[in-house]
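K.L.:
for reference, the sequence and a predicted model appear below.
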Amino acid sequence: MLQPDLTYQLLRNLTSPVVAITSARGGKENGMISDAAVRASIVPTVPRLSVYIHKFNYSHDMVFETGRFGLHLLHTKQFDIVRRLGFFSGRDQDKLAGIPHHTGKLGVPVLDECFAHFECSVANVMDTGSSTLFLGDVVTVEYRRAASLEPRGELLTATYFRTNMPAEWRSEYEAKLQDAQRFAAELSRQIKPIVWKRS
Ligand SMILES: Cc1cc2nc3c(=O)[nH]c(=O)nc-3n(C[C@H](O)[C@H](O)[C@H](O)COP(=O)(O)O)c2cc1C
């Protein structure tokens with residue numbers, strides 16, 4: 001018999017580091033947070049990664065329509081970026097205002113401060129009903145060297161974030177997660193085949 005709560009807790013072992021996903025469309029820039037990004041190629045000369053983005057997020061359509069995104073690994077000291085990009089929607093505000101960034105080679109915003117970043121071109125997608133899995137060809141990569149990384153901490157993992165987020169954020173985080181779970185529950189079984197047109 002499936003125990004949903006236990007199953008969900010065990011599945012949390014499969015979350016990725018906390019990453020910031022950026023996108024740009026029609027002069028508008030945006031960013032969001034994900035903990036569902038993984039390496040998707042073992043071939044060093046064909047670097048790929050994948051990430052699940054829920055359809056209710058503003059970023060979803062921006063990435064789907066442009067076929068491009070930036071993915072940033074963060075430092076443990078960058079909690080403020082997680083709250084800013086991950087607790088609010090870019091539909092309502094310019095979330096990147098005040099976060100130092102520049103435009104990358106693919107035209108997506110690149111955060112100046114992060115552990116490392118990748119710019120990706122979407123190679124394929126898979127519909128999950130409530131989200132889309134984007135397979136990205138890594139087109140550019142940059143790693144911030146250890147000297148600059150030192151004052152900012154180590155790689156930010158999902159477990160580290162959940163364990164150490166400021167106490168006053170927790171109820172907001174849990175409420176947002178529950179909203180997302182309700183939405184995803186309604187759509188999760190409506191999986192559609194998609195043929196990705198390469199840009
Ligand atoms: C720790 C954390 C992990 C998250 N993981 C995901 C994820 O894997 N996929 C996703 O679509 N949203 C995820 N979110 C939620 C989005 O970041 C959030 O809904 C954001 O407000 C979307 O912004 P947008 O509407 O501007 O795109 C996560 C949020 C946090 C704080």
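P.N.:
Thanks, I have the structure now. Numbering: from 1, shown residues only.

K.L.:
list the buried ones in stretch 134-147?
P.N.:
By 16 or more other CB atoms under 10 Å, the buried positions in stretch 134-147 come out as Phe134, Leu135, Gly136, Asp137, Val138, Arg144. For every residue, glycine as well, the C-beta is placed using N, CA and C.

K.L.:
enumerate every residue touching the second one.
P.N.:
For Leu135, the residues meeting the contact criterion (CB atoms under 8 Å, 6 or more residues apart in numbering) are Ala40, Arg48, Leu49, Ser50, Val122, Ala123, Asn124, Val125, Met126.

K.L.:
could you identify the longest helix within this protein?
P.N.:
When the chain is parsed with DSSP state H, its longest helix is helix 170-187.

K.L.:
about what we covered before: mark which of the contacts of Leu135 are buried, thanks.
P.N.:
Neighbour-count burial (16+ other CB under 10 Å) applied to those gives Ala40, Arg48, Leu49, Ser50, Val122, Ala123, Asn124, Val125.

K.L.:
just put the residues you listed in CSV and tack on distance to the ligand.
P.N.:
CSV is the format used below for those (distance: CB to the nearest ligand atom, whole Å):
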residue, distance to the ligand
Ala40, 15
Arg48, 18
Leu49, 13
Ser50, 11
Val122, 15
Ala123, 19
Asn124, 18
Val125, 14
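
K.L.:
quick check: which element contains the closest residue in space to Cys114 that isn't next to it in sequence?
P.N.:
Excluding the flanking residues, the one nearest Cys114 by CB to CB, 6 or more residues apart in numbering is His72, at 4.1 Å. Using DSSP states H and E, His72 sits in strand 68-73.

K.L.:
give me the contact list for the next helix or strand after that strand.
P.N.:
Downstream of strand 68-73, the first helix or strand assigned by DSSP H and E is helix 79-86. Under the contact criterion CB under 8 Å, 6+ apart, helix 79-86 has outside partners 18, 20, 31-33, 74, 95, 99, 111, 156, 161, 164-166, 169.

K.L.:
where does the protein have its least confident helix or strand?
P.N.:
Every helix and strand in the chain was compared by mean pLDDT, DSSP states H and E; the lowest is helix 146-149, with a mean of 52.
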